[in-house]
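**Q** Take this sequence and fold it.
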Amino acid sequence: MRSQTAIFSRMVKDFMRRVPLAVTAGTSCADVIAGMAERKASSATVTDAEGRPLGIITERDLTHRVAFRVPPETPVEKVMTMPVMTIAADEYLYYAIARMRRRGLRHMPVVDGGGALTGMLNLHDALAVASDRLMGQIDTLAREDSVEGMKQIKAAQVELADQLFEDNLPAPEIQALLTHINNDIYRRIVDLNRSAMEAEGYGRPPVEFCVIVMGSGGRGENYLYPDQDNGFILEDYPDERHAEIEAWFIELAERMVRDLDSVGFPLCNGYVMATNPLWRKTLPQWIEQITLWGRKRNFVALRLADIFFDFQPVRGHPDMAARLRRSVTKMARSNHFFLQQMFQEEADHNVALGFFGGLLTEKRKKRYKGQVNLKHTGTLPLVEAVRLLALREGVEETATVRRIKALAAKGVLDANEDEELTSAFRLITGILLSRQIKDFKADTGVSYYVDPQSLSKRTRSLLLDALKAIDTFRQRVRADFTAEIF
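**A** A predicted model of the protein is given here:
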């Protein structure tokens with residue numbers, strides 16, 4: 001059984017009470033009290049006609065606001081606490097605990113993707129799975145919003161990842177949590193700068209928008225220090241408003257990129273950031289761009305698509321990202337030649353296997369001589385091959401393991417391939433993430449290189465088996481897309 005650090009991988013939906021007491025606006029206080037007594041509930045959520053929370057009334061409210069103070073027929077909305085703070089069902093539990101502790105809340109309504117009430121989280125239930133030892137770390141990972149606070153959150157990730165390794169949590173799950181924390185930092189930095197810009201006279205956003213992350217952030221597969229791969233999707237607007245709207249979003253992009261760099265997300269060497277107009281477009285412009293990539297199929301188009309296709313929303317209107325995802329899926333699924341050329345572009349990204357089946361180590365870079373880049377010659381060849389099959393089959397998942405499972409469910413991969421590829425990905429990411437943590441603690445610099453001699457004989461053997469499984473899979477994908485057997 002894992003220790004209590006497992007709280008960092010648990011979700012709100014696993015601990016919420018699934019049948020919360022809900023009442024609609026207009027319900028009398030007397031009826032609310034009767035309902036709470038009958039259900040033995042310590043709170044009731046007041047919802048609108050669509051089931052979205054409007055406010056909350058708790059036992060404390062009954063004592064301080066209702067008893068002997070208002071007539072029994074008083075509508076509940078007159079005494080409820082509003083606005084009510086809610087939490088998404090698929091949010092991490094530690095984050096909910098930190099928010100509730102910080103705001104002094106005992107109850108928090110849980111909502112689904114559409115904002116409708118789906119459960120109730122009680123602080124007492126949540127704290128039952130967290131020890132006092134972990135409270136400081138939980139509070140650090142969800143500090144109040146400031147750039148300095150987020151620097152501390154970024155630093156706390158290493159210790160958290162180390163603890164989760166000790167609890168034998170699979171590396172992809174640790175990566176997913178690291179990515180969640182990183183994407184939450186994105187959200188907070190965007191919100192901080194929106195508020196600052198409004199206070200400084202820039203006004204509110206002139207159109208709706210969505211901030212997206214790409215690459216490992218979009219797949220939920222961050223290592224310790226990913227660089228920035230981000231962009232903006234903007235709501236369409238008339239041409240005559242271009243100067244006004246561009247000025248606002250350029251300002252937001254520059255502030256966001258600056259603060260992310262300050263917190264610990266290095267600037268992207270390839271300039272894949274919202275400060276670059278290439279990655280800042282309206283939704284129709286993005287759709288047009290994707291269509292153009294599919295038609296051109298040249299070197300530049302293929303490289304840009306490869307960077308972009310794993311995007312996910314982190315702030316703003318996720319429906320924009322969902323519409324763009326559907327356009328990507330439609331274009332790729334109906335364009336075999338495009339996918340074929342994507343494979344050809346990635347064909348040289350081979351695994352670290354020599355001609356006789358041994359590990360192929362670095363020869364040119366003096367600092368890493370004799371080591372293996374387990375990202376570029378380990379996980380990346382698998383990520384790319386799985387992505388191509390997912391695009392061909394219309395799979396909209398972006399995480400590599402989830403893509404593998406989706407492809408297996410469609411019958412594209414058999415049970416052995418599913419197991420072998422999933423195990424290979426988990427093994428290699430585990431070796432690499434563990435190495436990064438050790439290098440960070442030793443202050444020797446974090447990279448994607450691993451010295452095979454630092455691994456046990458058994459681990460080296462498993463690594464070779466994993467690379468062979470990936471190599472075999474890539475040969476199979478090559479045959480699928482090019483009809484070439486060798």
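**Q** Can you get me a residue count around Arg39?
**A** 12 (other CB atoms under 10 Å). Backbone N, C-alpha and C define where each C-beta goes, glycine included.
**Q** Setting aside sequence neighbours, what's the nearest residue to it?
**A** Of all residues not flanking Arg39 in the chain, Leu21 sits nearest, at 5.2 Å (CB to CB, 6 or more residues apart in numbering).
**Q** wouldn't that neighbour be in contact with Glu38 here?
**A** No. In this structure Leu21 lies outside contact range of Glu38 using CB atoms under 8 Å: 9.1 Å.
**Q** more neighbours, the two?
**A** Taking other CB under 10 Å, Leu21 and Glu38 do not tie; Leu21 has more neighbours (19 against 9).
**Q** residue contacts, that one?
**A** 35-36, 39, 41, 43-45, 120 (CB atoms under 8 Å, 6 or more residues apart in numbering).
**Q** separation between it and Leu54?
**A** Applying CB to CB, to the nearest Å, one obtains 14 Å for the distance of Leu21 from Leu54.
**Q** Look up the closest residue to Pro72, ignoring the ones flanking it.
**A** Nearest residue to Pro72 in three dimensions, chain neighbours excluded: Ala30, at 3.6 Å (CB to CB, 6+ apart).
**Q** cool, and Pro313?
**A** Nearest non-adjacent residue to Pro313, counting by CB to CB, 6+ apart: Ala321, 3.8 Å away.
**Q** Tell me how many other residues surround that neighbour.
**A** Ala321 is flanked by 21 other residues according to other CB under 10 Å.
**Q** Figure out the helix or strand that it lives in.
**A** Assigned by DSSP states H and E, Ala321 belongs to helix 318-333.
**Q** So which elements touch that helix?
**A** strand 209-213, strand 230-234, helix 283-296, strand 312-316, helix 336-346, helix 380-393 (3 or more CB pairs under 8 Å, 6 or more residues apart in numbering; DSSP states H and E).
**Q** on that earlier part again, my guess is the residue nearest to Pro72 contacts Glu73. True?
**A** Yes. Ala30 is within contact range of Glu73, at 6.6 Å (criterion: CB under 8 Å).
**Q** how close does Gln157 sit to Gln163?
**A** In terms of CB to CB, Gln157 sits 11 Å off from Gln163.
**Q** Pick out whichever of the two has more residues nearby.
**A** For the pair Gln157 and Gln163, the greater number of neighbours falls to Gln157 (23 against 18), based on other CB under 10 Å.
**Q** for the more buried one, what are its contacts?
**A** Contacts of Gln157 (CB under 8 Å, 6+ apart): 178, 181-182, 224.
**Q** if you set the cut-off to 6 Å instead, what comes out?
**A** Contacts here follow CB atoms under 6 Å, 6 or more residues apart in numbering; on that basis Gln157 touches 178, 181.
**Q** where along the protein do the strands fall?
**A** Under the criterion DSSP state E, the chain contains strands at 22-24, 43-47, 53-58, 87-88, 107-111, 117-122, 209-213, 230-234, 280-282, 312-316, 372-373, 449-450.
**Q** Nearest to Arg10 among the ones you listed would be which one?
**A** Closest to Arg10 of these is strand 117-122 (CB to CB; 11.9 Å).
**Q** rewinding a little: just so I know, which of the helices and strands packed on helix 318-333 lies nearest Lys13?
**A** Closest of the helices and strands packed on helix 318-333 to Lys13 is strand 312-316, at 19.4 Å (criterion: CB to CB).
**Q** Show me the strands paired with that closest one, marking each as parallel or antiparallel.
**A** strand 209-213 (antiparallel) (DSSP bridges).
**Q** mean confidence score for the strand it pairs with?
**A** The pLDDT scores in strand 209-213 average 97.
**Q** same question, stretch 161-170
**A** The pLDDT scores in stretch 161-170 average 84.
**Q** ok now that stretch, how far from the chain's centre?
**A** Mean C-alpha position of stretch 161-170 versus that of the full chain (CA atoms, centre = their mean, to the nearest Å) differs by 19 Å.
**Q** can you map out the helices along the stretch 101-250 of the chain?
**A** For the stretch 101-250 of the chain, the helices defined by DSSP state H, counting those that start in this stretch cover 123-127, 132-141, 147-166, 171-199, 216-219, 242-263.
**Q** ok, for Gln289, nearest residue in space, not its chain neighbours?
**A** Per CB to CB, 6+ apart, closest to Gln289 is Lys281, 6.6 Å.
**Q** Counting neighbours, what do you get for that neighbour?
**A** Residues lying near Lys281 (other CB under 10 Å) number 17.
**Q** follow-up on the earlier one: indicate which one of the helices and strands packed on helix 318-333 is closest to Lys405.
**A** Among those, the nearest to Lys405 by CB to CB is helix 380-393 (10.5 Å).
**Q** So what touches that closest one?
**A** With CB under 6 Å, 6+ apart as the test, helix 380-393 has contacts from 332, 339, 343, 346, 349, 351, 400, 403-404, 407, 410, 412, 470, 473-474, 477.
**Q** Closest to Lys441 out of the residues you listed?
**A** For these, the minimum distance to Lys441 (CB to CB) is 27.1 Å, reached by Thr400.
**Q** which residues touch that closest one?
**A** 383, 386, 425.
**Q** Do I have it right that the residue nearest to Pro313 meets Val213?
**A** No. Using CB atoms under 6 Å, Ala321 is not in contact with Val213, being 10.3 Å away.
**Q** Between Ala30 and Glu73, tell me which one has more neighbours.
**A** Taking neighbours as other CB under 10 Å, Ala30 and Glu73 compare with Ala30 leading, 14 against 9.
**Q** Quick check: the more buried one vs Val46, distance?
**A** As judged by CB to CB, Ala30 and Val46 stand 15 Å apart.
**Q** picking up where we left off before, Throw the contacts of Leu21 into TSV and include pLDDT and distance to Leu463, thanks.
**A** Compiled in TSV, the contacts of Leu21 are given as follows (pLDDT from 0 to 100; distance: CB to CB, whole Å):
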residue	pLDDT	distance to Leu463
Gly35	93	59
Met36	91	58
Arg39	90	55
Ala41	89	53
Ser43	91	52
Ala44	94	55
Thr45	95	51
Met120	94	46
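**Q** Just the buried ones among the residues you listed, please.
**A** 36, 41, 43-45, 120 (16 or more other CB atoms under 10 Å).
**Q** tell me the pLDDT at the residue nearest to Pro313?
**A** We have a pLDDT of 96 for Ala321.
**Q** Can you name the residues that contact it?
**A** Ala321 neighbours (CB under 6 Å, 6+ apart): 210, 212, 313.
**Q** How many neighbouring residues does the nearest residue to the first one once chain neighbours are set aside have?
**A** Okay, so that is Cys210. Once flanking residues are discounted, Cys210 sits nearest to Gly316: 3.7 Å by CB to CB, 6+ apart. Gly316: 21 surrounding residues under other CB under 10 Å.
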